[in-house]
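Asker: below are the sequence and a predicted model for it; my questions follow.
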Amino acid sequence: MTNRLAGGGQRGAHAWWLTPDGQPTDDPAVLADSPPGTILPLGGIDAGHKGYALGLQVEAATAALAGHGRADQSEGWGATVYLQVTDPQAFAGLGEFNRQTDWLRDACRANKPRDPSRPVRLPGERGLARKREQLAGGIELHPAIVPALAGLAARLGPGRAESRLKRPLRPRGGRVPVLQTLESRLIRPLRTGAPDVCQILP
């Protein structure tokens, strides 16, 4: 989101970034300053301290345990990953684990929502629902993504830019096919009256 806003010359809805001298700003372009600004932790300027400990915990669980991170010389963009596998049988058992988590799930869903048309859902449920929708009807794309795909297709060439997304892709807010595949060098608008309907040319 930060790169998309900055690339479009747009500003954020709130002061989610800090300038190089530590002042809050809604301008995402400060990340490209020299020296660069930074993005605030969870909660922004009003409650950013809530993400401070979380950020340090993530760094300790990823970079520190992996032995490579902030203390090392930068070699471009990089990321470390922390994976924890827990066997419930080593604790109270799978049955007790399911009993407790099932109760917690049901208690969350039983809460009365502020808006009856938007019932309480668990983390990930909306993502899974969107996956089902998009597998059935295509992927919604932000309008700024289509030009980026065109650039990748032109740079990589046919075959190397092949996408597994064989289903039609659709622009956000639209209901018309945009792309079929990336096995091409060029994307151009179709003359259909819909400005964001595109196809890839062979």
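Answerer: The structure has been received and is ready for your questions.
Asker: contacts, neighbours, all on C-alpha from now
Answerer: Will do.
Asker: who touches the longest helix along the chain?
Answerer: Ranked by number of residues, the top helix in the chain under DSSP state H is helix 94-110. Outside helix 94-110, the residues within contact range by CA atoms under 8 Å, 6 or more residues apart in numbering are 88, 119, 120, 121, 122.
Asker: tell me the two of those that are most distant?
Answerer: Across those, the longest distance by CA to CA is 30.0 Å; it joins 88 and 119.
Asker: neighbours around residue 106, how many?
Answerer: Residue 106 is surrounded by 11 other residues when neighbours are defined as other CA atoms under 10 Å.
Asker: quick one: end-to-end distance for stretch 21-29.
Answerer: With CA to CA, to the nearest Å applied, stretch 21-29 spans 14 Å between its terminal residues.
Asker: show me which positions of it end up buried.
Answerer: For stretch 21-29, the buried set under the neighbour-count rule, 16 or more other CA atoms under 10 Å, comprises 24, 25, 26, 27, 28, 29.
Asker: between these, which is closest to residue 5?
Answerer: When the buried residues of stretch 21-29 are compared against residue 5 (criterion: CA to CA), the nearest one is residue 28, at 6.7 Å.
Asker: quick one: pLDDT of that closest one?
Answerer: With respect to pLDDT, residue 28 has a value of 94.
Asker: thinking again about what came up before, can you flag which of the buried residues of stretch 21-29 belong to strands?
Answerer: Taking DSSP state E, the ones among the buried residues of stretch 21-29 that sit in strands are 24, 25.
Asker: kindly reformat the contacts of helix 94-110 as TSV containing distance to residue 2 and pLDDT.
Answerer: TSV is the format used below for the contacts of helix 94-110 (distance: CA to CA, whole Å; pLDDT from 0 to 100):
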residue	distance to residue 2	pLDDT
88	39	96
119	30	91
120	29	92
121	27	92
122	26	93
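Asker: mind putting the residues you listed into CSV with neighbour count?
Answerer: Output for the contacts of helix 94-110, formatted as CSV (neighbours: other CA atoms under 10 Å):
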residue, neighbour count
88, 13
119, 12
120, 15
121, 14
122, 10
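Asker: can I get those in a markdown table including distance to residue 143 and secondary structure?
Answerer: Listed next are the contacts of helix 94-110 as a markdown table, based on distance: CA to CA, whole Å; DSSP: H, G, I helix; E, B strand; the rest coil:
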| residue | distance to residue 143 | secondary structure |
| --- | --- | --- |
| 88 | 44 | helix |
| 119 | 30 | coil |
| 120 | 30 | coil |
| 121 | 28 | coil |
| 122 | 29 | coil |
